[in-house]
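Participant: my questions concern the predicted model and sequence given below.
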Amino acid sequence: MIKQKLLNHLSSALQQAAPQLNNLAVDDTMTAAFRLERPRNPEHGDYAVNVSFLARHTKMAPPKIAEVLQGVLSDDRMIVTVVGGYLNFQLSTAFLAEALVGIIHSPAPGCNDGLSEERVLLEYVSANPTGPLHIGHGRWAALGDAIIRLMRHCGAEVTAEFYINDAGVQMGNITTSVYWRCVELLKADGLLSGPVELPETLPYPGEYVLDVAKAYLADAQRQAHLLSASPSEPSAEARQAIQDFSREFLLSDQRALLDRMRVPFESWISEKEYLYDRGVIPETLDALTRKGFTYEAEDALWFKSTEFGDEKDRVLRKSDGSFTYLMPDIAYHHDKFSRKDDQGQARYNRILNIWGADHHGYIPRMRGAIQALGHSPDQFEVLLGQLVNLIVDGERTRMGKRRKMLTLQDVVDEVGVDATRFWMVSKSADTSLDFDVDLAASATSENPVFYVQYAHARCCSILRNAVESPVNVDSGEVAQPFVTAEALQVFEQNLNIQTLAPLFDSLPDPKEQQVLKALLLMLDGFEDVVRDAARFRSPHFVTQYAQDVSAQFHSFYGVCRILTPEPSLTQARLMLIRAIQKTLAQALDLLGVSAPERM
RNA sequence: GCCUCAGUAGCUCAGUUGGAUAGAGCAACCGCCUUCUAAGCGGUAGGUCACAGGUUCGAAUCCUGUCUGGGGUGCCA
């Protein structure tokens, strides 16, 4: 990376120049403080750095400091100039060519070891199996999977986990709803007569509940069993059967959609089986109690979360004897921290969750519980995603699952997986997202994902045309290809700075040179983008970057013809196209978006 | 009330350890298809970075306060 090389240059220059800088005692914080940036104004060079921050350490004027540093920064591959407190670097083509060679020979552009110490458990989506995934789940899914791909590209080890919320009040609610839909269907078919009154409203009124009921009744035995009992109140056995069926039915729907969205999970954890049935909850509760962080009051059992900064204590076991949502969730997080690898070491050193912003108040109590159980709260991290507004017919509707509205499935059907995923991650997670369904569906040209995919497809097309024999449309004559595939392969393998010379020498127009340089510097900076995106859990850095590269490429395409009669020139330019194509394909892959070879 | 996220071009948004003239897409206007994909390119126009103070060589960015909007503030999940 060019940037890293320049920073190294700067550090050693600072060491070397210390005597001339009032005997500055150089330390790491100073060398780390250099902020190398790409100036907007081309007159300020290809890279620039502001040295004003050294003024307070050296008691010297910024321009003077810059001058001193300029004196010791010698490299025949660049020109260093001073403007005010800035050092401006004008890079020679040798630098750029080296960067290009690096990308061509890299098996995976942007790959780095910035997060190689991280062993991450990322839990996300984690919907109740009580209905279809909604649009917000789509955002967490796209966000989480992109973050996982990014972190892995930075050397982290990540496990994706889906926590199935299949215990608790909501499961009872879906069971009740499905049951009454069954009764409704049986009545409609005339199989059930008598004075059965359906409830005015169901806990889950959505139409999908009817589908669950239909599927349940499709089995003759189950239907007969329902008919044999009093319809006004289902037996415990019937309730259990309906609940189990509904869970499977709705969960498999969710899984199918996540599969389709290319969002895989290595691990599916059932709240009911994993926590309730195995007794993890009482164990955790005992641990909390032994440490003295619980007490009984008002017939309930409380957690002293105020001891950890929460605004009030929280109920763990309700007065009716059942647990709140918090208790199993604490047990779950206790388990996450307690998992061991083959050597008996802690399996993870980062417990990362993606939650909707509506859960933000929940963080202090969970962090408190983690601390109370003796785990490191610093390893616990919650990424809060702001909610999604659906815009239908220009009208904003709030997301929610209790009302009839567009589900994630509907949206994916309408706009496709690629556009959905790209759109969902293209805005910072902490800003609420307007998802305009009509726009995303109709907007082929307005949708940035197509812009990037088109740039990629265009690169592929050029690379194809380069080695294919063109056929004259009028005469039907078959001409020689611009280069043979074999020759291009050899050229690519032996690529070096000298062979790339034609790429730079052939563009005498400074404006064209500028576009080429901007493109190369952008490609060279991919690694930084990937690292920052992973570190800040911000895939939107990558969508932004992919759009920038695409724009720069389209612009280059306009000013410079790639395929020419001259082989060495053509081959050199094809290397640039190859580098763009590789980088865009990698960027799209990190977002879980496909990179089509033709459009 | 308290917690939290946001407020930047007509609209949707970038701008992460404070740096040179604040950017992009869409919408608007003017151009460009005989030529490797026009799902494209070039250009014009559009701004008191919500407001007021403060910190300093320097603030969209940091601090304080105010205003507006979203979310939260359950023995729901």
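Facilitator: Received it, and whenever you're ready, just let me know what you need.

Participant: count the residues that sit near residue A:188.
Facilitator: 9 (other CB atoms under 10 Å). To be clear about C-beta, it is placed using only N, CA and C from the backbone, and glycine gets the same treatment.

Participant: typed the wrong thing, it's residue A:27
Facilitator: Using other CB under 10 Å, the number of residues around residue A:27 comes to 9.

Participant: cool, residue A:292 as well?
Facilitator: 10.

Participant: one more: residue A:25?
Facilitator: Around residue A:25 there are 9 residues (other CB under 10 Å).

Participant: which stretches of the stretch 151-300 of chain A form helices?
Facilitator: A:169-188, A:208-217, A:220-228, A:236-260, A:280-290 (DSSP state H, counting those that start in this stretch).

Participant: for the fourth one, packing partners?
Facilitator: Contacts of helix A:236-260 with other secondary structure elements, assessed using 3 or more CB pairs under 8 Å, 6 or more residues apart in numbering; DSSP states H and E, are made with helix A:169-188, helix A:208-217, helix A:220-228, helix A:408-415.

Participant: in the sheet, who's paired with the residue of the stretch 1-150 of chain A found nearest RNA strand B?
Facilitator: In the stretch 1-150 of chain A, the residue that lies nearest RNA strand B is residue A:48 (2.8 Å; CB to the nearest atom of the strand). Under the criterion DSSP bridges, residue A:48 forms beta bridges with residue A:37, residue A:88.

Participant: would you confirm that it contacts residue A:84?
Facilitator: No - with contacts counted by CB atoms under 8 Å, residue A:48 stays clear of residue A:84, the gap being 10.6 Å.

Participant: residue A:571 and RNA strand B, how far apart?
Facilitator: The gap separating residue A:571 from RNA strand B is 13 Å, by CB to the nearest atom of the strand, to the nearest Å.

Participant: for that residue, helix, strand, or coil?
Facilitator: helix (DSSP: H, G, I helix; E, B strand; the rest coil).

Participant: now do the contacts for it.
Facilitator: By CB atoms under 8 Å, 6 or more residues apart in numbering, residue A:571 lies in contact with A:483, A:487-488, A:491, A:499.

Participant: equivalent analysis for residue A:525, please.
Facilitator: With CB under 8 Å, 6+ apart, residue A:525 has these contacts: A:1, A:3, A:38.

Participant: ranking those residues by neighbours, who comes first?
Facilitator: residue A:3 (17 neighbours).

Participant: quick one: the strands in the stretch 51-200 of chain A?
Facilitator: A:78-83, A:86-91, A:119-123, A:157-164 (DSSP state E, counting those that start in this stretch).

Participant: make CSV out of the ones you listed and add mean neighbour count.
Facilitator: Below are these laid out as CSV (neighbours: other CB atoms under 10 Å):
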stretch, mean neighbour count
strand A:78-83, 17
strand A:86-91, 21
strand A:119-123, 22
strand A:157-164, 20
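
Participant: between those, which gets nearest to residue A:360?
Facilitator: Smallest distance to residue A:360 across those (CB to CB): 16.2 Å, for strand A:119-123.

Participant: just the C-alphas of the closest one, formatted as PDB.
Facilitator: The C-alpha coordinates for strand A:119-123 follow below in PDB (Å, rounded to 0.1, in the frame of the first residue of the first chain):
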ATOM      1  CA  ARG A 119     -12.500 -14.400  17.800                       C
ATOM      2  CA  VAL A 120     -16.000 -13.200  17.400                       C
ATOM      3  CA  LEU A 121     -19.500 -14.600  18.100                       C
ATOM      4  CA  LEU A 122     -21.900 -12.500  16.200                       C
ATOM      5  CA  GLU A 123     -25.600 -13.100  17.100                       C
END
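
Participant: give me every residue in the stretch 1-150 of chain A lying close to RNA strand B.
Facilitator: A:32-33, A:35, A:37, A:39-41, A:43-45, A:48, A:50, A:52-53, A:55-56, A:83-86, A:88, A:128 (CB under 7 Å from any atom of the strand).

Participant: swap in the stretch 401-550 of chain A?
Facilitator: Checking the stretch 401-550 of chain A against RNA strand B by CB under 7 Å from any atom of the strand, the hits are A:426-428, A:430-434, A:444-446, A:448, A:450-451, A:454, A:457-458, A:460-462, A:465, A:536, A:538, A:540-541, A:544, A:547.

Participant: buried among those? Need that as a selection in ChimeraX.
Facilitator: To isolate the buried members of these in ChimeraX, using 16 or more other CB atoms under 10 Å:
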select /A:426,427,433,448,450,451,454,457,458,460,462,538,540,541,547
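
Participant: now, which of the residues of the stretch 401-550 of chain A next to RNA strand B lie within strands?
Facilitator: A:433-434 (DSSP state E).

Participant: re earlier: more crowded one of residue A:48 and residue A:84?
Facilitator: Set residue A:48 next to residue A:84 and count neighbours by other CB under 10 Å: residue A:48 wins out with 19 against 12.

Participant: what would the helices of the stretch 151-300 of chain A look like in CSV with mean pLDDT and distance to RNA strand B?
Facilitator: Compiled in CSV, the helices of the stretch 151-300 of chain A are given as follows (pLDDT from 0 to 100; distance: least, CB to the nearest atom of the strand, whole Å):
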stretch, mean pLDDT, distance to RNA strand B
helix A:169-188, 92, 4
helix A:208-217, 95, 17
helix A:220-228, 89, 26
helix A:236-260, 95, 13
helix A:280-290, 95, 13
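
Participant: what's the closest of those helices to residue A:591?
Facilitator: Per CB to CB, nearest to residue A:591 of the helices of the stretch 151-300 of chain A: helix A:236-260, 16.0 Å.

Participant: how about the closest one: buried residues?
Facilitator: So, applying 16+ other CB under 10 Å, buried residues of helix A:236-260: A:238-239, A:241-243, A:245-247, A:249-251, A:253-255, A:257-258.

Participant: for residue A:589, state which of the contacts of residue A:525 is nearest.
Facilitator: residue A:1 (20.3 Å).

Participant: check whether the closest one really touches residue A:524, as I assumed.
Facilitator: Yes - with contacts counted by CB under 8 Å, residue A:1 reaches residue A:524, the gap being 6.0 Å.

Participant: domain assignment for chain A?
Facilitator: Each domain of chain A is listed here as a residue range: A:2-91, A:169-260, A:448-590, per automatic domain parsing.
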